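A.B. asks: Any chance you can model this:
(chains A, B, C and D)
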Number of protein chains: 2
Amino acid sequence: MTPLPETAFGAHDHAACIAGALSAAEALCAARGAQLTPVRRRVLEILLESHGAMGAYDVLARLDAEGMGKQPPVAYRALSFLVEQGLAHRIEKLNAFVACAHPGGAHAPAFMICRGCGTVAEAEAGTGGALGERAAEAGFRIERTVMEAEGLCPACQEAA
Amino acid sequence: MTPLPETAFGAHDHAACIAGALSAAEALCAARGAQLTPVRRRVLEILLESHGAMGAYDVLARLDAEGMGKQPPVAYRALSFLVEQGLAHRIEKLNAFVACAHPGGAHAPAFMICRGCGTVAEAEAGTGGALGERAAEAGFRIERTVMEAEGLCPACQEAA
DNA sequence: ACTGATTACGTTATAACATAACAAGAGGCG
DNA sequence: CGCCTCTTGTTATGTTATAACGTAATCAGT
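C.D. replies: Numbers count the residues shown, from 1 in each chain, chains lettered A, B, ... in the order given. Model prediction:
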């Protein structure tokens, strides 16, 4: 099977992936006049390092260990900021957050969630296909979509 | 514009819609040997009556008022049963539950959630379009999907 | 009828996720 | 300086969900 560098399921240079995402985040925030403060930046790093979905309290525990705050609002504020800026996404199915794999790009993201290893891969979903069609028929105006698939990634399929 | 009886946004005979769904649920459970007990049946009725998404604790409050239980597990167990049987769906975006509009049918449901009136309309989404394609490319085996669109229904668009 | 398996329900307690509300500091800018 | 805005610190609370344990009813096989 060929490698799959375009998804989180494939092996890749993790350090480079983190560094690239961080510099993209800095550039984006600078361009928009948004402030990537130390806490916000550190939360993004934590998400990138884990390369998976993390609960807000998992993030908070990391922040606390580093002396950057221990109350829930600290984590939720930083996560909200990152989501607003498109630097992270909320995974509704998991009540968790994940760093964006394509910061700055167009956004109708879809996610593949491996129930084996917890890895979350992001894909661009486009219009949403059948859902978009049904919405158009019904006259429903879509503002945001949630598209999440749960299942098994290639590695976990083999393990099972 | 023509009426849209196939979605919850259109007017319809609510009493008949409830009665029909209930008898379909009874038939399904009987056919499967699943027990539609009083609490489970009542929870389904409550969901059908509201014709929208309800939180577990909203359902629980109704049950409590009727003397059918006041602890969270009572509601969660009944809701879990209904979801397992395909008689209700969980709306991840809202942390809420809604009665199934097409009990017994095939199920890759998608939902349109009106942020104005809270109405939730169910549509059949099929394979998921772009997400399904990306999953196939990545070798990811999908077991369940969450497809939810938030926006404005026709009525609320006019009101705004 | 007795036994054991299964299923559903009752109850207590707590875990896990999320936000309201208010005070205080940092920095730009007229 | 004085004002405004944004960010952060902190307390408290609200909301959603499940673990864990015990009881009752049902039913198949003996």
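A.B. asks: interface residues of chain A facing DNA strand D?
C.D. replies: If contact is defined as C-beta under 7 Å from any atom of the strand, the residues of chain A in contact with DNA strand D are A:34-35, A:37-40, A:68-74, A:77-78, A:81. C-beta here means a position set from N, CA and C on the backbone, and glycine is covered the same way.
A.B. asks: so which two of the residues you listed are the farthest from each other?
C.D. replies: Farthest-apart pair in the residues of chain A next to DNA strand D is A:Ala34 and A:Lys70; separation 24.8 Å (C-beta to C-beta).
A.B. asks: So for those two, which sits in the more crowded spot?
C.D. replies: Using other C-beta atoms under 10 Å in any protein chain shown, the more surrounded residue of A:Ala34 and A:Lys70 is A:Ala34, with 15 against 12.
A.B. asks: Quick check on the closest residue to the more buried one other than its chain neighbours: phi, psi?
C.D. replies: Leaving out its chain neighbours, the residue that sits closest to A:Ala34 by C-beta to C-beta, 6 or more residues apart in numbering or on different chains is A:Gln85, at 5.8 Å. Note on A:Gln85: its backbone torsions stand at phi -80, psi 0 [degrees, to the nearest 10].
A.B. asks: next SSE after the helix or strand bottoming out on mean pLDDT in chain A?
C.D. replies: Among the helical and strand segments of chain A, the one scoring lowest on mean pLDDT, DSSP states H and E is helix A:130-138, with a mean of 87. Towards the C-terminus, the helix or strand next in line after helix A:130-138, according to DSSP states H and E, is strand A:141-152.
A.B. asks: gap between that following strand and the chain center?
C.D. replies: Going by C-alpha atoms, centre = their mean, to the nearest Å, the spacing between the C-alpha centre of strand A:141-152 and its chain's C-alpha centre is 13 Å.
A.B. asks: got the angle between that strand and helix A:130-138?
C.D. replies: For strand A:141-152 against helix A:130-138, the angle by axes from the mean of the first three to the mean of the last three C-alpha atoms, to 10 degrees is 150 degrees.
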